[in-house]
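Enquirer: below are the sequence and a predicted model; questions follow.
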Amino acid sequence: MKTTLSNKVEKSYFVLVAILFVLLVTNAFGQNQKISEVSKHKYTLQNLEMGIKSDNDGVRESSIYFAGKYRFIDTEDALIEQLKVEKDSDIKVLIGLALFRMSSEKGMNELQKLASSDENPRVRKMSYAIYNEYLVNNSNRTADVK
């Protein structure tokens, strides 16, 4: 009885790992794209940038998430501007992750500054981790942030 149960658990675990592997591999090969390649609507970029700068936390969070998920490099400057004025620590980290997914060099430079100067220790720690991962992925160096 125990062996049958353990075989089912092992098979389930293997299937889960296989699915995660496929999802990670397909996601790893994504490239930055311009919004104009995805949508022909002339206000798409403006709407997404307005969402990134919105006063509504949910709209702002969703816009930042989608800019990073689909690697819309056109939004890089808007994300960096928002990172400088953002008050919510969770959204600061989300912006850092979006810029990381885009491999934004300008964004990573801002994240490096944030890692050493933000008042929130969680934001500093996450910014440092994201920046360090960016350096590891793009070279064999590590971050020297104090």
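Expert: Thanks, I have the structure now.
Enquirer: buried set for the strand or helix carrying Met50?
Expert: Using DSSP states H and E, Met50 sits within helix 44-52. Residues of helix 44-52 classed as buried by neighbour count (16 or more other CB atoms under 10 Å): 45, 48-49, 51-52. (Each C-beta comes from the backbone N, C-alpha and C, glycine too.)
Enquirer: okay if I get the residues you listed as CSV plus distance to Arg101 and pLDDT?
Expert: Below are these laid out as CSV (distance: CB to CB, whole Å; pLDDT from 0 to 100):
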residue, distance to Arg101, pLDDT
Leu45, 18, 88
Leu48, 15, 93
Glu49, 17, 94
Gly51, 17, 96
Ile52, 15, 96
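Enquirer: just to be sure, Lys42 is in a strand?
Expert: No. Assigned with DSSP: H, G, I helix; E, B strand; the rest coil, Lys42 falls outside any strand and is coil.
Enquirer: next one: stretch 72-89 to chain centre, how far?
Expert: Mean C-alpha position of stretch 72-89 versus that of the full chain (CA atoms, centre = their mean, to the nearest Å) differs by 12 Å.
Enquirer: grab the CA positions of it and hand them over as CSV.
Expert: Taking Å, rounded to 0.1, in the frame of the first residue of the first chain, the C-alpha atoms of stretch 72-89 are listed here in CSV:
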residue,chain,number,x,y,z
PHE,A,72,8.2,46.1,-23.4
ILE,A,73,11.5,48.0,-23.7
ASP,A,74,9.6,51.1,-24.7
THR,A,75,8.4,51.4,-21.1
GLU,A,76,12.0,51.4,-19.6
ASP,A,77,12.1,55.2,-19.0
ALA,A,78,8.6,55.3,-17.5
LEU,A,79,9.6,52.4,-15.1
ILE,A,80,12.8,54.2,-14.1
GLU,A,81,10.9,57.4,-13.4
GLN,A,82,8.3,55.6,-11.3
LEU,A,83,11.1,53.8,-9.4
LYS,A,84,12.5,57.1,-8.3
VAL,A,85,9.1,58.4,-6.9
GLU,A,86,7.4,55.2,-5.8
LYS,A,87,6.5,55.0,-2.1
ASP,A,88,5.2,51.4,-2.0
SER,A,89,8.1,49.0,-1.3
